[in-house]
Structures are given as structure tokens and as C-alpha cells.
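**Student:** Sharing a model that was predicted from the sequence below.
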Amino acid sequence: MIIKPKFRGFICTTAHPAGCERQVLKQIDYVRSQSAINGPKKVLVIGASTGYGLASRITAAFGAGADTIGVFFERPSSGNRTATAGWYNSAAFEKAAQQAGLFAKSINGDAFSNEIKQQTIELIKQEWGQVDLVVYSLAAPKRVHPVTGEVFSSVLKPIGQTFTNKTVDFHTEEVSQISIEPATEEEIRHTIAVMGGEDWKMWIDALLEAGVLADGARTVAYSYIGPEVTHPVYRAGTVGRAKDHLEATAHELDAQLKPIGGQAFVSVNKALVTQSSSAIPVVPLYISLLYKVMKEKGLHEGCIEQMYRLFNERLYTGKDVPVDDKGRIRIDDWEMREDVQAEVSANWPKVDSDNLKEISDIEGYRKEFFQLFGFDLDGVDYEAETEADVRVPSLD
Ligand code: NAD
């Protein structure tokens, strides 16, 4: 079929296999162009098909020469529907890993469930025995609790009071005001249940109990802080509460891993265009302003540059992992630099639909958004007949 982008709200409902493959290969090329990482050799990535998790998997495999198991929740193609981008990304990743002689297997299913945890443990036992790094990079709208069966839905809302600020619709490039009503206590509880640390702990508990974590094993999950302007809707809002919980869980897991000489970390990453972040109000406008400033200063990074720096300059340097006063790894350091934030803050009150193109990188934002689904990439013939039914070899 001929595959074009189709939208429903913020979501692109189609994906292009050749474009997704190109994106994955670009990330692999980046990692290969950097110096090798003296890092982990058996890596489990939970949330491995897009965004930060995919970049972690690529960095582990092609930067440190690691064998990887990736867990994700993606849809293959069926009839005249394309697969999801994460499916095509994983197909491309496995193909490239095989060519490079690296072990790569994937598990497609609900990572919140006991079944998928057990299936993963079985695979580790069968193939490796033990893992030495567990990356936890899930971003999900819903979670079914594996014990109680309760269905939780996460919301992106402020807490305590209505939040009104600017936002951008990057399809129409219109800047407008948005007001978001505060979350109820129930919505806060739900969001913590989906995006907090409970499931991360369930994974580590299960892996420890099964004896599949190697001595000295590490685990890392990802968090975000960001500037004051997004605090009401992010860090001081419902998702921020979940991130507080995730960060507190890192301390618990760290203590739990002590007996095997292991460690647990949270890494605070940079704001980037991913399927998850594009759904947050206000944040895409901030990212557009941020990209402009960071690109001008030569500081811009995408997921792959961030994850390479996380592995190479934080987690696997052979020295103690540098952390902030709350024990968190910070690779949002360039985003949060005073000069960067000063420029973004100066532009925030000024930005409107008329000057958006001039003072923000809305073009870059849009392009990256399309590229998440394999569109708008150089060297891909979007008019060509394309086979949408692509195999992820290990899922056959
Ligand atoms: P993403 O949407 O690109 O990736 C989410 C991953 O989770 C995908 O692999 C998806 O398949 C998987 N997933 C979702 N539900 C699942 C389920 N039920 N079972 C199995 N897999 C499931 O998201 P992202 O932006 O890369 O976010 C990853 C983490 O990084 C999140 O914790 C997020 O808060 C954090 N983070 C993101 C940003 C940002 O700007 N995007 C910044 C800092 C931190």
C-alpha cells in the first residue's frame, strides 16, 4: 500500500516501515560514531520500542555491545492498517542487531501484567541466566493492576487550582490559551498508579525473586522536571506526583539491591518530542521554544544523544555515578542551564501565532513528530508501494 500520515487528535494512526527503519538506523549510526561504552552486556529494556526506551536499547546494543531483551506493547499490521511505529522500530532494531551478531529478542504485551513479567523471566533464564541492567521506560495512559484488577487511567492535570497558559496546536501552528481544571484526588491516585514506581518495583521484586539479576545489576527509570512555566501541568501536577513516587521508589529499590551489590537510579532527562510528550498541553510550545535556543547554542540533543550521554558519562564511567542532592542522575543539565532557560523565559510571554515560526522551532517540532511515525525523512520514497506487513523476527 501507499502509506500516508493520518491523524486522530494528537495521535498519528499510521506508520511507515521504511521511515521507521531509517530512524532506527540513524540512531545506530550515531552510537557507532561515538566511542565504545564499557557497559552492561545483558540488558532488559521495558518500554523498548519508541522514545527513550528504544534509544536506551540501541545505546546498550551498539554502544556497549550488549545482548538485549525488549518489552513493549505494539500492534502489528492487519488488513489495510499499518503496524504501529514501535512495531516497525523493533523490526528494524532486531534486523540490525542480528546483522551485527548481537542477540535481540522482544516480548510484545502488557508489561504491567504478571504474565509478561513471568514470560520475560523465563526468557532470561533460558537465554542468559541473568541480566545486568534493567531499563524501565514505560509511558502509558492506562494500567490494569495485576493483583486487584482495578483499571487506572492517568491524567495530565494541575493540582489544587485551574491552570491557564499558552499552548500550541502544532498542526495548525496556532497559539492559544488553555485552561485545565485541577485533578480530583481519585485522578491523582490513578495517575500515580500508572506512572509511579509501583510497577517498576513489581518488576524488580519478580526479577530478584527469580534470581535473574546478576551481582552488581543496575536499574534505571526516567523522570522529568522542567521549567517553572510547565510546573503546574507537569511537575507540580498529577504526572509530577507520579514522578515523585517513581523517584522515591528508586531509593527503595536501591536498598533492596544492596545485598547483590546492585543500584537503582532515576535519570532526569530532557524534554523531547515523543508520542507521550506531544499529548501534554503547554509542553509542546515550551519544547518548540527550547529547541530553537538549544540548537542555536549547539546544545540540542535527541533521545539517542541523551541516552548515549547517560550510559557513557553517567552510568558506566567506572567511577561513582554522579547524582544531584536528591540522588537523581541529571542529563537535563543542558536544558536547565541558566542561559538557556533565561532565553526561553524571555520568549514565553512574547510568543503568539504570528511570531511562532520566528522565535520558536515549531518546524523542527512538527518534523520530529512526523518522524516518530516514519514520515518526513529524507531518502524514503513515500509514493512507493510499501509492504505494511513487516516481521519482528523474534515474535514469529
Ligand atoms: P514513549 O511513548 O516514546 O515510549 C513508551 C514505551 O512504553 C513504548 O515502548 C511502549 O510500547 C511502551 N508501553 C506503553 N504501555 C505499555 C504496556 N502496557 N506494556 C508494555 N509496554 C508499554 O515515551 P517516552 O517519552 O520515551 O517516555 C519514556 C519515559 O521517559 C517515561 O517515564 C517518561 O516520563 C520519561 N521522560 C520523557 C521525556 C520526554 O520529554 N519525552 C522527558 C523526560 C522523561
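**Tutor:** Yep, that arrived. Numbers count the residues shown, from 1 in each chain.
**Student:** Next, give phi and psi for the residue lying closest to Tyr291 once chain neighbours are set aside.
**Tutor:** The shortest distance from Tyr291 to any non-neighbouring residue, by C-beta to C-beta, 6 or more residues apart in numbering, is to Asp361 (3.9 Å). C-beta: built from backbone N, CA, C; applies to glycine. Main-chain torsions, Asp361, degrees, to the nearest 10: phi -100, psi 50.
**Student:** Please report the number of neighbouring residues for Asp361.
**Tutor:** Burial of Asp361 is recorded as 22 neighbouring residues (other C-beta atoms under 10 Å).
**Student:** which residues does it contact?
**Tutor:** Asp361 is in contact with Ser288, Leu289, Tyr291, Lys292, Lys295, counting by C-beta atoms under 8 Å, 6 or more residues apart in numbering.
**Student:** go again using 6 Å as the cut-off
**Tutor:** Contact analysis of Asp361 by C-beta atoms under 6 Å, 6 or more residues apart in numbering lists Ser288, Tyr291, Lys292.
**Student:** Now stretch 143-152 - C-alpha only, PDB.
**Tutor:** Written as PDB, here are the backbone C-alpha positions of stretch 143-152 (Å, rounded to 0.1, in the frame of the first residue of the first chain):
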ATOM      1  CA  ARG A 143      -2.700   0.200  33.800                       C
ATOM      2  CA  VAL A 144      -4.700  -2.800  34.900                       C
ATOM      3  CA  HIS A 145      -3.500  -3.700  38.400                       C
ATOM      4  CA  PRO A 146      -2.200  -7.200  38.300                       C
ATOM      5  CA  VAL A 147      -3.400  -8.100  41.700                       C
ATOM      6  CA  THR A 148      -6.700  -6.200  42.200                       C
ATOM      7  CA  GLY A 149      -7.700  -5.900  38.500                       C
ATOM      8  CA  GLU A 150      -8.500  -2.200  39.100                       C
ATOM      9  CA  VAL A 151      -8.200  -0.200  35.900                       C
ATOM     10  CA  PHE A 152      -6.200   3.100  36.300                       C
END
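**Student:** for that stretch, which positions count as buried?
**Tutor:** The neighbour-count check on stretch 143-152 (16 or more other C-beta atoms under 10 Å) flags Arg143, His145, Pro146, Phe152 as buried.
**Student:** could you show me where the helices are in the stretch 51-200 of the chain, in order?
**Tutor:** 51-58, 64, 85-99, 114-127, 185-195, 198-209 (DSSP state H, counting those that start in this stretch).
**Student:** tell me the most buried of the ones you listed?
**Tutor:** Greatest average neighbour count among the helices of the stretch 51-200 of the chain goes to helix 51-58 (a mean of 28), per mean count of other C-beta atoms under 10 Å.
**Student:** Show me what the mean pLDDT comes to for that helix.
**Tutor:** Throughout helix 51-58, pLDDT has a mean value of 98.
**Student:** Now do it against helix 85-99, angle only.
**Tutor:** Angle of helix 51-58 versus helix 85-99, following axes from the mean of the first three to the mean of the last three C-alpha atoms, to 10 degrees, is 10 degrees.
**Student:** before we move on, back to that, now intersect the contacts of Asp361 with the helices, please.
**Tutor:** Among those, DSSP state H puts Ser288, Tyr291, Lys292 in helices.
**Student:** By neighbours, which of the residues you listed wins?
**Tutor:** Sorting the ones in helices among the contacts of Asp361 by how many neighbours each has (other C-beta under 10 Å) puts Ser288 first, at 27 neighbours.
**Student:** mind listing what that residue touches?
**Tutor:** For Ser288, the contacting residues are Ser360, Asp361, Ile362, Tyr365, by C-beta under 6 Å, 6+ apart.
**Student:** mind redoing it with 7 Å?
**Tutor:** Counting by C-beta atoms under 7 Å, 6 or more residues apart in numbering, Ser288 touches Val168, Ser360, Asp361, Ile362, Tyr365.
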